[in-house]
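Enquirer: The following block contains a protein sequence and its predicted model.
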Amino acid sequence: MVRWDERTALLVVDVQNDFADPGGGLSVDGGDAIIPAVNAAIAAAEAAGACVVYTQDWHPPETPHFAKDGGVWPVHCVRDTWGAEFHPDLRVVGDVVRKGTGGEDGYSGFTVRDPAGGNPADTLLDSLLRDRGVETVVVAGLATDYCVRDTALDAVGRGFAAFVLIDAVRAVDLHPGDGARALEAMRRAGVRSARIVP
Ligand code: VGL
Ligand code: ZN
């Protein structure tokens, strides 16, 4: 079980229209179905004085992250478009960290990679959490097999204790089983599974 307190942060990963809405550019099956559980986690965090931080995938119109520019993904979460906005049912009550804003690639909320050389750079997430004395992160959102996985693995690598809320995440499952493999990779790395809905 997650024990919510001031040293715990809920990370709400990429609950944006392009992932969560069935009409989105990179729609995740059942993406909108997690929103009640995510909102329940937000309420639990708030009640205990835990901070809530949201990430947004925030791409320029052209980036090597997109298939049309040499990458693998359909166009999604282009900055300042409907697809990049938070899903309207999501309660937003905390800071927002945007990733990919300069055309960088990568999935983790902590790190982006320069599209040319692949050099990693930190987002604001790590310093934001450390400034608040956060020791434990709890990850929810989209997608289990990309941004949720990489954010949780990075959290552990940076010395945070980490949980994944298995009823508040969903996978892209580009290849069948990707979501299950991602949960297994997180488990092996020390990420604990928890549920928000009893
Ligand atoms: C994501 C694929 C491409 C994610 C972002 O949020 O999991 N997946 N960009
Ligand atoms: Zn993306």
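Expert: Thanks, I have it. Numbering: from 1, shown residues only. Ligands and ions are numbered 1, 2, ... in the order given.
Enquirer: Pull the distance from the longest strand along the chain to the chain's centre.
Expert: With secondary structure taken from DSSP state E, the chain has its longest strand at strand 161-170. With C-alpha atoms, centre = their mean, to the nearest Å as the basis, strand 161-170 stands 10 Å off its chain's centre.
Enquirer: all numbers from here: first residue = 820
Expert: All set: I'll call the first residue 820, so the last point we hit is now strand 980-989.
Enquirer: So is that strand next to ligand 1?
Expert: No - Strand 980-989 does not reach ligand 1 (C-beta under 6 Å from any ligand atom); its nearest approach is 9.8 Å. (C-beta placed from N, C-alpha, C; glycine too.)
Enquirer: Give the buried residues for whichever helix or strand comes after that strand.
Expert: Using DSSP states H and E, the helix or strand that follows strand 980-989 in sequence is helix 997-1008. Within helix 997-1008, the residues that qualify as buried are D997, G998, A1001, L1002, M1005, counting by 16 or more other C-beta atoms under 10 Å.
Enquirer: closest to ligand 1 among the residues you listed?
Expert: Checking the buried residues of helix 997-1008 against ligand 1 by C-beta to the nearest ligand atom gives A1001 as the nearest, at 9.9 Å.
Enquirer: Surely that closest one and D969 touch.
Expert: No - taking contacts as C-beta atoms under 8 Å, A1001 lies outside contact range of D969: 9.1 Å.
Enquirer: ok so, going back, tilt between the longest strand of the chain and helix 997-1008?
Expert: 170 degrees (axes from the mean of the first three to the mean of the last three C-alpha atoms, to 10 degrees).
Enquirer: and strand 980-989, which strands flank it?
Expert: Here strand 980-989 has these sheet partners by DSSP bridges: strand 955-961 (parallel), strand 1011-1013 (parallel).
Enquirer: I'd like to know which of these lies nearest to ligand 1.
Expert: Between ligand 1 and the strands paired with strand 980-989, the shortest separation by C-beta to the nearest ligand atom is 5.5 Å, and it involves strand 955-961.
Enquirer: which residues touch that closest one?
Expert: Residues outside strand 955-961 that contact it (C-beta atoms under 8 Å, 6 or more residues apart in numbering) are 821, 823, 826-835, 838-839, 847, 850, 853, 856-857, 860, 864, 874, 948, 966-967, 970-971, 974, 979-984, 987-989, 1010, 1013, 1015.
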